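1. Prediction below, plus the sequence it came from.
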Amino acid sequence: MGELWYSSAPTLEPKTAKSVIHPFVVRGYNGLTINPYQGCQHRCAYCYATYEWSPEFYDRIYAKSNADRILEKELAAWKRGEIEPVMVCSATDPYQPAEIRYGLTRKCILVLQKYGVPYYVFTKSSIIDRDLQLHGNYRHNCFIVWSITTCSEKTRRVIEPGTAPASKIFQTIKKFSDVGVCCGVNIDPIIPLITESEIPDIVNCCRQAGVSNVFGSVLRLRTDIWDRMKMAFSALGLDVEEQYRKIYSIKEPLDAKYVSASKDYQEKIASELKSAIQQADMEFGFPKHISTKEIDKSVNGQISLLSYV
C-alpha cells in the first residue's frame, strides 16, 4: 500500500484548556460544542477537521485533562436561562481510543447531565458502549449519532483505518436502541463512485439496529482531502480521478476552501437517500426532543457527580 497518511501510531499527550464550551456554526446551524480531545486517531482520508492549522491532527492527540472542571465552571456561570443542545464533539471523535485512557468524554457527559443540558454525541466508535448505562439513564435528553461511511472492510481499512468495522458499530447501536436511547446514523461522507452504491445496505442495517433517524451528505473536497483521496484511490486499485474531476469540476490547484459535487449529483444522491430512509420507515434529520432547554442552576454549589463516580 505504501506510505499513506497513517504510517505510524499517534502520540497521546495531556494539556490544559482555558475554555471548553464554544459556539458552533455549520451549514446554517447554530449551536454549542465541546471537544475534550484535539486530534483524532481514526485517520479518515476525508476528514474535514484537518488542515494547515492542525498539521499534527493524526499524529499527536491532545487530551484536555481539565475539560470536565472547566465545563463545570462554565455551566455554573451560565448567564442565560436556556441552553442550546451541546454537540459532543464537532472536531474529533469523543470516543476515540484515547478515551479508554483518559475518560474525559464520560466526565464531561456527567457534567452536562448534572446541569440538565441536552446533548448529542457524534462518533464512529464502538467504545461508547462502555457508557451505555450513562446515556441510557439520560435517554430523554440525548441523541447518539454514529457516522457510517462504508460496510466494506476493504474500503474501510484504506479510507478510515482507525475506525471500528461497521458490523461492530451496528451491534453497538442495537445495544443503545434496545435500552431506549434515540439513535441516529449520519452517512457522511457519501463518497462518489466508492460508497454511493452502499446507501440501501447501510439504511437496511440501520433499520435492523433500531435506528430512528438517518441523514447524510456527499463528500466535499479541499486541497488536503483531495490529496489523501487520490492516495486512497490508488490503494483501492481504482482509476476514478478523471471522473472526480468531472463530478467536482476540479481545476488544480484547488483555489476554493471547499469544492462540492455538482448540484445534479448531490440532488440525485439526496433523493436516493431520502427514498431509502422513507421506505425503511425511519426519519430523515434530527429528532424533535433535542432542543433548547432550561439549564438547571439549582445544582450550583452541590457536590459534583465527578467526586464519587
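-> That came in fine, so what should we check first? Numbering: from 1, shown residues only.
2. Surely L254 and R222 touch.
-> Yes: if you go by Cβ atoms under 8 Å, L254 and R222 touch, sitting 6.8 Å apart. The way it works is simple: take the backbone N, C-alpha and C, and place the C-beta from them, glycine included.
3. Spatially central residue for this structure, please.
-> The chain has F122 as the residue nearest its centroid, 3.6 Å off, counting by Cα atoms, centre = their mean.
4. How about that residue, nearest residue that isn't a chain neighbour?
-> Excluding the flanking residues, the one nearest F122 by Cβ to Cβ, 6 or more residues apart in numbering is V145, at 5.0 Å.
5. And for K15?
-> Y62 (4.7 Å).
6. same question, A280
-> That would be R207: by Cβ to Cβ, 6+ apart, it lies 4.3 Å from A280.
7. How many neighbouring residues does T11 have?
-> 11 (other Cβ atoms under 10 Å).
8. hang on, I meant P161
-> Count around P161 with other Cβ under 10 Å applied: 16.
9. Show the average pLDDT along the longest strand anywhere in the chain.
-> When the chain is scanned for its longest strand (criterion: DSSP state E), the result is strand 183-190. On average, the pLDDT along strand 183-190 is 97.
10. List of residues touching stretch 38-45?
-> Residues lying outside stretch 38-45 but in contact with it, judged by Cβ atoms under 8 Å, 6 or more residues apart in numbering, are 5-6, 10, 15, 47, 49, 54, 56-62, 64, 91-93, 96-98, 124-125, 149, 158-163, 225, 228-229, 231-232.
11. which among those end up buried?
-> Buried residues within the contacts of stretch 38-45, counting neighbours by 16 or more other Cβ atoms under 10 Å: 5-6, 10, 47, 49, 54, 57-59, 61-62, 64, 91-93, 96-98, 124-125, 149, 158-163, 225, 228-229, 231-232.
12. Out of those, list just those in helices.
-> 98, 158-159, 225, 228-229, 231-232 (DSSP state H).
13. and the residue nearest to G216 when sequence neighbours are not counted, how many neighbours does it have?
-> Using Cβ to Cβ, 6+ apart and skipping residues adjacent in sequence, the residue nearest G216 is I187, 3.2 Å away. Taking other Cβ under 10 Å as the criterion, the count of residues near I187 is 26.
14. Next, the buried residues of stretch 272-290.
-> In stretch 272-290, counting by 16+ other Cβ under 10 Å, buried: 272-273, 276-277, 280, 282, 286, 290.
15. can you check stretch 116-132 too?
-> 116-129, 131-132.
16. Any idea how many residues pack against R245?
-> R245: 12 neighbours (other Cβ under 10 Å).
17. For the ones in helices among the buried ones among the contacts of stretch 38-45, could you give me JSON lines that also reports pLDDT?
-> Shown next, in JSON lines, are those (pLDDT from 0 to 100):
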{"residue": "A98", "pLDDT": "95"}
{"residue": "V158", "pLDDT": "95"}
{"residue": "I159", "pLDDT": "96"}
{"residue": "I225", "pLDDT": "93"}
{"residue": "R228", "pLDDT": "93"}
{"residue": "M229", "pLDDT": "96"}
{"residue": "M231", "pLDDT": "95"}
{"residue": "A232", "pLDDT": "96"}
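18. Let's have those in JSON lines, adding distance to I173.
-> JSON lines is the format used below for those (distance: Cβ to Cβ, whole Å):
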{"residue": "A98", "distance to I173": "22"}
{"residue": "V158", "distance to I173": "23"}
{"residue": "I159", "distance to I173": "21"}
{"residue": "I225", "distance to I173": "27"}
{"residue": "R228", "distance to I173": "27"}
{"residue": "M229", "distance to I173": "27"}
{"residue": "M231", "distance to I173": "30"}
{"residue": "A232", "distance to I173": "26"}
